[in-house]
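J.: Coordinates for the following, if possible.
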Amino acid sequence: MRSDSTALMFSIDNVILLQFVVGFNYLAFKMSKKKEDSVVN
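T.: You can find the predicted model right below:
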């Protein structure tokens with residue numbers, strides 16, 4: 001039972017970390033695209 005809860009917490013932490021990294025990269029990608037568009041225009 002204890003190992004199950006530990007594995008569950010570990011997977012939850014991984015999902016949160018993954019969402020944070022993906023969200024940050026997506027935001028940086030959008031910002032860079034906007035900068036490029038403004039430079040072109």
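J.: Please compute how far stretch 19-39 lies from its chain's middle.
T.: Relative to its parent chain, stretch 19-39 has a centroid offset of 12 Å by C-alpha atoms, centre = their mean, to the nearest Å.
J.: pLDDT on the one helix or strand Val21 maps to, on average?
T.: Val21 belongs to helix 2-40 when assigned by DSSP states H and E. When pLDDT is averaged along helix 2-40, the result is 87.
J.: which helices and strands does that helix pack with?
T.: Using 3 or more C-beta pairs under 8 Å, 6 or more residues apart in numbering; DSSP states H and E, no helix or strand is in contact with helix 2-40. Any C-beta I mention is one placed from the backbone N, CA and C, and that applies to glycine too.
J.: How many neighbouring residues does Thr6 have?
T.: 10 (other C-beta atoms under 10 Å).
J.: if I look at it, how far off is Met31?
T.: According to C-beta to C-beta, to the nearest Å, Thr6 and Met31 sit 37 Å apart.
J.: Can you get me a residue count around Gln19?
T.: Neighbour count for Gln19, taken as other C-beta under 10 Å: 10.
J.: go on, Val21?
T.: 10.
J.: Tell me the spacing between it and Lys35.
T.: Val21 is 21 Å from Lys35, by C-beta to C-beta.
J.: what does Phe29 give?
T.: 11 Å.
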